[in-house]
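Novice: how would this look folded up:
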Amino acid sequence: MAVPTIFVVGLALALIFARTRFRGQSVAETIVMLPLVLPPSVVGYGLLRLLGRNGPAQEWLDLNLLFTWQAAAVASAVVGLPLMVQAARVGLTSVDPSIEDAARVDGANRLRVLLTMTFPLARRGIFVGLALGSVRALGEFGATIAVAGSIPGRTQTMPLAVYDAMQGGNYGLANQITVLMVGIGYATIFATRKLGTEGDGR
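Specialist: Residues are numbered from 1 along each chain as shown. Take a look at the predicted model:
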């Protein structure tokens, strides 16, 4: 759930930030990027106030998400979103507007231009953002444990499973999960760097 959220919301925000100018844009962009620099415990506390009892999610939407997998997904998406937005925005900004203008002259509407011209041309940035944002979401610990806890089979993520295994002295399980996460992280970074060097013609 976190990955689709990162992709859809991140791509929409990147498109807005790359293609429009509005009052308060710098403030909005800064808010989106805050999870990159804030301690995870602070992000978790903020989400706890938003999703918890008497928070906006409960009062406005009548939702109680604390200690559910949905809360874990929200926490993971929030910390991964800035990487998606930043990389996708760079990719979208690099698209030559004259190409899009030519497509519009030929009769393509805005949605068709986005789907057939803009997004394909910005695919490197979008892919890099989605890959890095997803891996960051996968590795989230502090914010997740604050709003979702660590309930095996329900809200326990891989980082939380490593922590619980360490606390319980099950170092074999901790080693296995750690190796898996390191492998995923390495493969993701390698792939994004490879894509970047290919884009530079190296």
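Novice: count of neighbours near residue 65?
Specialist: Under the neighbour criterion other Cβ atoms under 10 Å, residue 65 is assigned a count of 22. Just so you know, the C-beta spots here come from the backbone N, C-alpha and C atoms, and that holds for glycine as well.
Novice: thought it was touching residue 56?
Specialist: No - checked against Cβ atoms under 8 Å, the pair residue 65 and residue 56 is beyond contact range at 11.2 Å.
Novice: in the protein, spot the helix with the most residues.
Specialist: The helix of greatest length in the chain, counted in residues with DSSP state H as the criterion, is given as helix 171-199.
Novice: now do the buried residues in it.
Specialist: Applying a neighbour-count criterion of 16 or more other Cβ atoms under 10 Å, one finds 174, 177, 178, 181, 188, 192, 195 buried in helix 171-199.
Novice: rounded mean pLDDT for it, please.
Specialist: Helix 171-199 shows an average pLDDT of 90 in the prediction.
Novice: check which helices and strands it is in contact with.
Specialist: Using 3 or more Cβ pairs under 8 Å, 6 or more residues apart in numbering; DSSP states H and E as the contact test, the elements touching helix 171-199 are helix 123-138, helix 158-167.
Novice: mind putting the ones you listed in CSV, distance to residue 37 and mean pLDDT included?
Specialist: As requested, the helices and strands packed on helix 171-199 are arranged in CSV below (distance: least, Cβ to Cβ, whole Å; pLDDT from 0 to 100):
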stretch, distance to residue 37, mean pLDDT
helix 123-138, 13, 95
helix 158-167, 20, 94
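Novice: find the one among the ones you listed with the highest mean neighbour count.
Specialist: helix 123-138 (a mean of 22; mean count of other Cβ atoms under 10 Å).
Novice: quick one: buried residues of the lowest-mean-pLDDT helix or strand in the chain?
Specialist: Among the helices and strands of the chain, helix 56-61 carries the lowest confidence by mean pLDDT, DSSP states H and E, at a mean of 82. Taking 16+ other Cβ under 10 Å as the neighbour-count basis, helix 56-61 is seen to contain the buried residues 57, 58.
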